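Visitor: Any chance you could fold what I've pasted below:
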Amino acid sequence: MISRNVECFIGCDGEYEDAFIVLYGAPFDSTTSFRPGARFGSGAMRHESFGLETYSPYQDADLTDFNIFDSGDLELCFGSAEAALSDIENRAEEILNDGKLPLLLGGEHLVTLGAVRAIYKRYPNLHIIHFDAHADLREDYLGARLSHACVLRRCHELLGDGRIHQFCIRSGDREEFRFAREHTALHPFSFDGLSETVAELKAIGAPVYFTIDLDCLDPGVFPGTGTPEAGGVSFMELLAAIREVCQLNIVGADVNELAPMLDASGVSTATACKVLRELMLAICINKSNYLAKRRINS
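Guide: Modelled structure (predicted):
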């Protein structure tokens, strides 16, 4: 039995047995290539969430309408990326085995690999939808194959061609973009093509892992991140895209790369909290609608 965290994200203090979504944090940023600090992201989101309402006027839903459980942060080894990934994988697997949806709070983007490893074992036909400023497709970064700059390349080694769908990408080296054109479904700069991707994945009923690197947002909106890239999407564009993706069969998700101390105003943390709220509500609403249709048709 996983115990509730002492400080929970607002509205996420349900009972574990009844929960549909289980939050778990990965405070890890040991491979960050520019400005560190993402290890403090998950804790900051919990602490600052109490400046947020549980109700979303965007979706006319409240976090208290659903059972969401916050299990807190894992205690991860900062000296070994592989050890940290193993702990993340084990926690995701435990949540999946209990019939619940794991929602990971980073941390740097490498933490996604631990979750994907666990979920891929359960869903070998898994697809990934990836929102990010960076392609994250390097073979290695300064000789390290386990880096936040390589996380989607490592995921591709599991899933293979055509099952990673990337949006908002506006940074990477030439080789990454060449690799993406040949092996992933790359949609640079914006959410163009997202509706078509959602329609295709919905038609085949594909299980989807949804990873949101918050630096997909323009740094004018979200400066509190380790590797800011000008030219990102707006907050409202991101919210609309999240609601669209969550029409799919989401089997796991994460929100990552908030580095709270890099934005002294606190606006980036507040934005991250709101993104997380909207993501959880969109997943829960879609699940509730799906179950309601099944009851009607049965």
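Visitor: element containing G72, please.
Guide: With secondary structure defined by DSSP states H and E, G72 is part of strand 68-73.
Visitor: Give me the contact list for that strand.
Guide: Taking Cβ atoms under 8 Å, 6 or more residues apart in numbering as the criterion, the residues outside strand 68-73 that touch it are 2-9, 11-16, 19-27, 42-43, 46, 91, 100, 105, 280, 284. To be clear about C-beta, it is placed using only N, CA and C from the backbone, and glycine gets the same treatment.
Visitor: Give me the buried entries from these.
Guide: In those, burial by neighbour count holds for 2, 4-5, 8-9, 11-14, 16, 19-27, 42-43, 46, 91, 100, 105, 280, 284, counting by 16 or more other Cβ atoms under 10 Å.
Visitor: Please narrow those residues to those residing in strands.
Guide: Using DSSP state E, the members of those that fall in strands are 21-26, 105.
Visitor: What is the nearest of those to T197?
Guide: Using Cβ to Cβ, I21 is the member of these that lies nearest T197, at 23.1 Å.
Visitor: Quick one, grab the pLDDT at that closest one.
Guide: With respect to pLDDT, I21 scores 97.
Visitor: so it bridges to which residues?
Guide: For I21, the beta-bridge assignment (DSSP bridges) gives partners I68, L101.
Visitor: Doesn't D254 belong to a strand?
Guide: Yes. With the criterion set as DSSP: H, G, I helix; E, B strand; the rest coil, the secondary structure at D254 is a strand.
Visitor: so A38 sits right up against V255, yeah?
Guide: No. A38 is not in contact with V255 according to Cβ atoms under 8 Å; the separation is 11.1 Å.
Visitor: list the residues that contact both of those two?
Guide: In terms of Cβ under 8 Å, 6+ apart, A38 and V255 are both contacted by the residues G106.
Visitor: of those two, who's got more company?
Guide: Neighbour comparison, A38 and V255: the larger count goes to A38, with 31 against 27 (by other Cβ atoms under 10 Å).
Visitor: if I look at that one, how far off is A206?
Guide: Distance, A38 to A206, by Cβ to Cβ, to the nearest Å: 29 Å.
Visitor: State the mean pLDDT of the strand holding G72.
Guide: On average, strand 68-73 scores 96.
Visitor: can you tell me how far G252 sits from L104?
Guide: Counting by Cβ to Cβ, the gap between G252 and L104 amounts to 8 Å.
Visitor: shared neighbours of those two, anything?
Guide: When Cβ under 8 Å, 6+ apart defines a contact, the residues bordering G252 and L104 alike are 92, 115.
Visitor: list the contacts for D173?
Guide: Contact partners of D173, counting by Cβ under 8 Å, 6+ apart, are R138.
Visitor: got it, and the one 3 residues further on?
Guide: When contacts are counted by Cβ under 8 Å, 6+ apart, E176 is found next to 135-138.
Visitor: let's see it at 7 Å
Guide: 135, 137-138 (Cβ atoms under 7 Å, 6 or more residues apart in numbering).
Visitor: can you check K202 too?
Guide: With contact taken as Cβ under 7 Å, 6+ apart, K202 is in contact with 247-248.
Visitor: how about the helix or strand hosting it as CSV, C-alpha atoms only?
Guide: Secondary-structure assignment from DSSP H and E places K202 in helix 194-204. Included here for helix 194-204 are C-alpha records, laid out as CSV according to Å, rounded to 0.1, in the frame of the first residue of the first chain:
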residue,chain,number,x,y,z
LEU,A,194,-2.4,17.4,-33.7
SER,A,195,-6.0,17.0,-34.6
GLU,A,196,-5.1,14.5,-37.4
THR,A,197,-2.8,12.6,-35.0
VAL,A,198,-5.5,12.3,-32.4
ALA,A,199,-8.0,11.1,-35.0
GLU,A,200,-5.6,8.4,-36.2
LEU,A,201,-4.7,7.2,-32.7
LYS,A,202,-8.4,7.2,-31.7
ALA,A,203,-9.3,5.2,-34.7
ILE,A,204,-6.9,2.4,-33.7
